[in-house]
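K.L.:
Pasting a predicted model and its sequence here:
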Amino acid sequence: MVDAVVSYAVEKLGDFLIEEVSLRQSLRENVHWLRNELSFMQAFLKDAEKRQAEDHLVQQWVFEITSVANEAVAILEAYSLDVAKDGDHAFGFVDRLKACACICQKEAKFHNIGRDIQSLKERVMDVSRKRGTYCITHINNNAGEGPDNPSSTVVRTLRRAVSYADEDQLFVGFQEVFQRLLDELLKGESRRNVLSIYGMGGLGKTTLARKLYNSPSLLSSFQTRAWICVSQQYSTADLLRGMIKSIQGCSEEMLKMLKEMTERDLETHLRNLLKEHKYLVVVDDVWHREAWESLKRALPDDNNGSRVILTTRKEDLAERVDDKGFSHKLRFLNEEESWDLFCKKLRPENKMVGASLFSPSMESLAKDMVEKCRGLPLAIVVLGGLLSYRKGMHEWQKVKTHLWQHMKNDSVEITHILSLSYNDLAFELKQCFLYIGIFQEDHAIDTVKLMYLWLAEGFIPRTREEHMEDIAENFLHELISRSLIQVAETFFDKILTCRMHDLLRDLAVQKAMEVNLFDIYDPRLNSVTPFRLRHAIHAQTQRYLSLDLSKLKVRSILFFDKEFMNLDNSGKFMTFCTTFPHLYVLDLENIQFDGNELPNAIGNLVHLKFLGLSNTNVFKLPTSIGKLKKLQTLKALIDYYCSCQLPPQVAQLTNLRHLVARYEVPLQVDKLTNLRTLKYIRCDQWKDTDASGLVNLQELGMEKIRKSYSLKSIGSLKNLTTLFLVCQHGETFPRLEPLSSCENLHRLWLSGGIEELADLNKLPKSITVLVLQSAGLVEDPMPILGKFPNVKHLKLSWAYKGKKITCKGNSFGQLETLQLDNLENLASWHLATTAMPLIKGLNILKCPKLKKIPERMEHVAVLQSFQRQRDYYCWLPNQ
């Protein structure tokens with residue numbers, strides 16, 4: 001953890017030496033000395049970090065190293081901030097005089113830096129003396145073996161396509177319980193019933209509830225459904241809004257209406273929405289009976305068989321929520337089930353219980369450890385995830401020895417298994433894991449946003465072999481495969497959102513506080529810890545903004561408060577921007593601005609790397625956005641119905657890597673050569689743009705395309721891997737032939753009319769995921785699509801008007817999942833015996849005339865609804 005902070009400081013000091021060639025010799029020597037000394041200190045940090053939990057003196061030493069590193073970065077950033085302000089003078093005679101004066105001022109600033117660096121040098125010398133006093137040693141890992149070696153871990157995590165275990169596969173020990181609860185929910189009783197699932201944390205209450213919620217039987221029985229997580233800290237109004245949105249969708253009008261509603265209005269609206277409908281509602285993770293009582297009033301009982309599933313850790317709450325309801329206490333897994341779950345987690349591709357996965361001695365060792373988990377599923381899967389990254393008998397024995405030191409009542413406490421899994425992570429992964437704790441409890445986390453934030457925070461190492469985004473994605477997959485985070489939503493092979501179990505989040509928050517990684521603002525104390533440079537505001541934003549934070553060098557501020565309404569344009573935001581000149585991350589999600597415009601003061605934040613404006617009302621960005629030269633991610637996704645007016649100065653942000661905004665005036669993006677993501681364009685962007693310079697662009701999205709638009713330049717995007725094109729309603733695509741040159745394209749989404757079936761032949765054969773929506777084809781597309789050699793996932797939605805589809809012999813050789821959606825005329829499906837040999841998942845929705853499917857397909861698994869509820873790019877207004 002601290003290693004990353006020190007590494008960043010060393011990098012910044014090195015950059016300063018390179019960029020400032022006119023430094024006085026004494027200052028250059030001091031900066032060079034400080035850089036070398038911090039580099040030297042890194043060799044001792046691993047030993048210190050391992051010991052700081054038990055030794056408070058060592059903990060203080062680590063804290064002092066962190067403080068020095070952060071102070072060094074702050075000094076250099078303050079200097080570069082002043083230089084940026086001086087650089088604003090560039091035009092008239094008076095401005096040139098000012099620029100000359102700045103030369104003198106620069107020398108004075110060098111003097112100030114020299115004084116500050118000398119002060120830091122003295123502090124580092126004191127820290128070095130303490131290292132010997134506290135017996136902190138350099139751990140040498142020249143052997144390069146084992147998970148304790150950061151470099152070996154980085155190499156391991158750089159591998160591509162790390163697999164993660166599907167929740168279905170880990171659904172062990174619940175089959176009988178699942179059927180019993182399913183029967184209870186489908187009982188003919190007309191009154192609204194509450195089914196409560198209770199038990200300690202880690203038993204799988206949410207997993208079981210989700211399995212029920214997504215079961216085909218309940219999907220067909222309850223047309224109106226909603227899922228909400230309550231948690232310990234909750235707002236009744238927010239819960240009601242969440243339930244309404246999950247039923248009605250999230251259109252702009254709906255969101256605006258919900259924000260203006262009082263709690264009483266929300267309750268009435270939800271009650272009217274559910275009235276006379278047979279509904280299924282899941283209320284997950286309830287801690288207080290008051291939370292249930294506040295929701296119950298909005299859930300009408302119309303004697304039509306409606307059902308509520310409630311999960312909680314508290315037995316008394318489960319037993320009392322409904323006098324005539326049904327409650328079930330989850331049991332622990334038995335010995336056989338525990339071993340089955342462990343084997344599936346350790347080797348996800350192996351479905352065989354007791355299969356020979358390792359030597360007899362390792363199997364005996366593993367069974368000892370699994371037995372001491374005492375049937376707790378979370379403990380077992382986390383242990384499996386840990387051991388899957390430990391190779392050989394010796395490494396497994398070390399895990400067992402550590403666990404046996406924390407035995408209580410002949411079992412291992414879950415907290416020690418979780419801590420051991422955390423301690424097993426490399427430095428780079430530790431900070432990424434802890435950072436997830438900054439998000440709200442039980443909330444689904446957008447994985448793409450999470451990775452953008454990791455990049456902006458400097459958590460992702462730079463290597464010559466891999467792009468940082470690829471490393472971030474591999475980090476995400478490794479945390480999933482270790483069961484430290486859970487997949488929440490997917491679309492085919494893409495993980496859309498993830499969650500962190502509340503026990504793991506508690507661990508992440510606790511460890512993050514110990515190392516001062518971030519602070520979650522507590523309105524009850526109305527204060528923040530001075531040494532924590534990242535702030536998360538989950539509630540009471542107004543009170544947070546009233547704090548005097550002027551002396552803090554805050555690096556990141558993330559707002560999660562959905563109740564906060566307005567941040568005025570003038571005084572308050574100006575003060576905000578001048579108070580935090582060192583910000584790297586500013587996430588203003590959900591905040592509303594007077595005048596629907598981001599104030600000019602945003603240009604003061606010259607160190608900003610991530611700017612989040614999603615779900616705000618900012619329809620226009622100021623020209624001062626061009627001053628944010630270090631910006632990597634600009635996320636201004638307002639609403640499906642709204643576009644954001646981007647000034648031409650956005651084209652000056654040459655470090656921009658991810659531009660996610662709906663805009664309707666073409667940008668001159670030629671010079672944005674670092675751009676990797678460009679999504680939601682709503683104009684003829686490529687008509688007069690040469691895209692050949694965008695050599696790093698991998699993900700491109702366009703909306704409201706007209707037939708007159710040009711797609712020609714897209715063909716020059718040789719590294720494009722993901723493309724989604726959506727036509728204006730009722731429009732057809734322009735010629736698709738340019739796409740044939742995109743030789744690395746893997747994911748393609750086409751939503752709009754395709755005039756000629758032959759156009760499909762022009763699509764690149766590298767595609768692995770293909771979605772055709774609203775194509776309006778009158779000829780069967782399957783003969784052409786079946787020849788695509790790499791397609792693994794195919795979805796046809798409103799794509800074909802014909803009555804019959806034919807899949808010929810040896811076609812779709814790699815296809816794993818197929819979705820047929822809203823093919824209203826489809827009546828027959830011929831499938832050759834040698835077609836689709838690898839098919840694993842099938843979903844047919846709203847194909848009313850298709851009464852029979854091929855016999856071989858009857859045994860293929862139905863795709864889970866959470867995989868298809870959210871389309872990959874969330875095009876529809878209500879998504």
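P.N.:
Noted; the coordinates are in hand.
K.L.:
Could you pull out the helices in the stretch 101-250 of the chain for me?
P.N.:
150-157, 175-185, 205-213, 216-221, 236-248 (DSSP state H, counting those that start in this stretch).
K.L.:
now swap in the stretch 351-500 of the chain and tell me
P.N.:
So, for the stretch 351-500 of the chain - with DSSP H, counting those that start in this stretch - the helices run 360-372, 377-387, 393-404, 414-423, 427-435, 447-457, 468-481.
K.L.:
Indicate which one of those helices is closest to K627.
P.N.:
The minimum distance between K627 and these falls on helix 447-457, with 17.1 Å, by Cβ to Cβ. To be clear about C-beta, it is placed using only N, CA and C from the backbone, and glycine gets the same treatment.
K.L.:
Show the secondary-structure elements that that closest one is packed against.
P.N.:
Here helix 447-457 touches helix 427-435, helix 468-481, strand 494-499, strand 585-587, strand 610-612, strand 633-636, going by 3 or more Cβ pairs under 8 Å, 6 or more residues apart in numbering; DSSP states H and E.
K.L.:
Format the helices of the stretch 351-500 of the chain as TSV; extra columns: mean neighbour count.
P.N.:
Below are the helices of the stretch 351-500 of the chain laid out as TSV (neighbours: other Cβ atoms under 10 Å):
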stretch	mean neighbour count
helix 360-372	16
helix 377-387	26
helix 393-404	15
helix 414-423	19
helix 427-435	23
helix 447-457	23
helix 468-481	21
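K.L.:
Please identify which of these is closest to N596.
P.N.:
helix 447-457 (22.8 Å).
K.L.:
and that closest one with strand 494-499, angle?
P.N.:
When axes from the mean of the first three to the mean of the last three Cα atoms, to 10 degrees is applied, the directions of helix 447-457 and strand 494-499 differ by 80 degrees.
K.L.:
how far away is L504 from K629?
P.N.:
Distance, L504 to K629, using Cβ to Cβ, to the nearest Å: 38 Å.
K.L.:
now the helices for the stretch 651-800 of the chain?
P.N.:
Going by DSSP H, counting those that start in this stretch, the stretch 651-800 of the chain shows helices at 782-785.
K.L.:
do you know which of the helices and strands packed on helix 447-457 lies nearest C642?
P.N.:
strand 633-636 (10.2 Å).
K.L.:
mean confidence for that closest one?
P.N.:
Strand 633-636 carries an average pLDDT of 94.
K.L.:
Just send the helices of the stretch 351-500 of the chain back as JSON lines, with mean pLDDT and distance to L270 too.
P.N.:
JSON lines is the format used below for the helices of the stretch 351-500 of the chain (pLDDT from 0 to 100; distance: least, Cβ to Cβ, whole Å):
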{"stretch": "helix 360-372", "mean pLDDT": "88", "distance to L270": "45"}
{"stretch": "helix 377-387", "mean pLDDT": "88", "distance to L270": "33"}
{"stretch": "helix 393-404", "mean pLDDT": "85", "distance to L270": "47"}
{"stretch": "helix 414-423", "mean pLDDT": "85", "distance to L270": "36"}
{"stretch": "helix 427-435", "mean pLDDT": "88", "distance to L270": "34"}
{"stretch": "helix 447-457", "mean pLDDT": "95", "distance to L270": "28"}
{"stretch": "helix 468-481", "mean pLDDT": "91", "distance to L270": "34"}
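K.L.:
among these, which is nearest M257?
P.N.:
helix 447-457 (25.7 Å).
K.L.:
tilt between that closest one and helix 427-435?
P.N.:
Counting by the same axes, to 10 degrees, helix 447-457 lies at 120 degrees to helix 427-435.
K.L.:
Compare the helices of the stretch 351-500 of the chain and give me the one nearest L266.
P.N.:
Per Cβ to Cβ, nearest to L266 of the helices of the stretch 351-500 of the chain: helix 447-457, 26.9 Å.
K.L.:
Okay, buried residues for stretch 593-608 please.
P.N.:
F593, L598, P599, N600, A601, I602, G603, N604, L605, V606, H607, L608 (16 or more other Cβ atoms under 10 Å).
K.L.:
Specify the beta-bridge partners of the first one.
P.N.:
For F593, the beta-bridge partners under DSSP bridges are L567.
K.L.:
Next one: it relative to Y641, how far apart?
P.N.:
Applying Cβ to Cβ to F593 and Y641 gives a distance of 18 Å.
K.L.:
Tell me how many other residues crowd E184.
P.N.:
E184 has 16 neighbours, counted by other Cβ atoms under 10 Å.
K.L.:
Kindly report the same for A72.
P.N.:
Count around A72 with other Cβ under 10 Å applied: 25.
K.L.:
show me what contacts it?
P.N.:
A9, K12, L13, L34, L38, I117, L120 (Cβ atoms under 8 Å, 6 or more residues apart in numbering).
K.L.:
Run the angle between the helix or strand harbouring the second one and helix 427-435 for me.
P.N.:
When you say that, I think you mean K12. Using DSSP states H and E, K12 falls within helix 2-19. Calculated by the same axes, to 10 degrees, helix 2-19 forms an angle of 110 degrees with helix 427-435.
K.L.:
Summarise which helices and strands helix 2-19 is packed against.
P.N.:
helix 25-51, helix 56-86, helix 427-435.
K.L.:
Would you single out the least confident of those?
P.N.:
Taking the mean pLDDT of the helices and strands packed on helix 2-19, helix 56-86 comes last: a mean of 69.
K.L.:
and Q179, what pLDDT?
P.N.:
90.
K.L.:
how many other residues sit next to it?
P.N.:
11.
K.L.:
Save the buried residues of stretch 593-608 as CSV, and put in pLDDT and secondary structure too.
P.N.:
CSV is the format used below for the buried residues of stretch 593-608 (pLDDT from 0 to 100; DSSP: H, G, I helix; E, B strand; the rest coil):
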residue, pLDDT, secondary structure
F593, 79, strand
L598, 85, coil
P599, 84, coil
N600, 87, helix
A601, 87, helix
I602, 90, helix
G603, 91, helix
N604, 89, helix
L605, 91, coil
V606, 90, coil
H607, 89, coil
L608, 94, coil
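K.L.:
Is it possible to get TSV of the residues you listed that adds distance to N843?
P.N.:
Putting those into TSV (distance: Cβ to Cβ, whole Å) gives the following:
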residue	distance to N843
F593	42
L598	42
P599	47
N600	49
A601	49
I602	44
G603	49
N604	50
L605	46
V606	49
H607	47
L608	42
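K.L.:
quick one: which two of the residues you listed are the most distant?
P.N.:
F593 and H607 (21.9 Å).
K.L.:
before we move on, the earlier item: A298 is nearest to which of the helices and strands packed on helix 447-457?
P.N.:
strand 494-499 (24.9 Å).
K.L.:
name the helices or strands packed onto that closest one?
P.N.:
By 3+ Cβ pairs under 8 Å, 6+ apart, strand 494-499 packs against strand 445-446, helix 447-457, helix 468-481, strand 486-491.
K.L.:
Which parts of this protein belong to which domain?
P.N.:
Listed domain ranges for the chain are 2-133, 175-329, 358-423, 431-511, 518-663 (source: automatic domain parsing).
K.L.:
most packed of those domains?
P.N.:
Stretch with highest mean neighbour count among the domains of the chain: domain 431-511 (a mean of 20; mean count of other Cβ atoms under 10 Å).
K.L.:
Give me the distance from that one to the chain's centre.
P.N.:
6 Å (Cα atoms, centre = their mean, to the nearest Å).
K.L.:
what distance separates the start and the end of that domain?
P.N.:
The first and last residues of domain 431-511 sit 10 Å apart, counting by Cα to Cα, to the nearest Å.
K.L.:
remind me which residues of the stretch 501-650 of the chain are low pLDDT?
P.N.:
For the stretch 501-650 of the chain, the stretches with pLDDT under 70 are 564-572.
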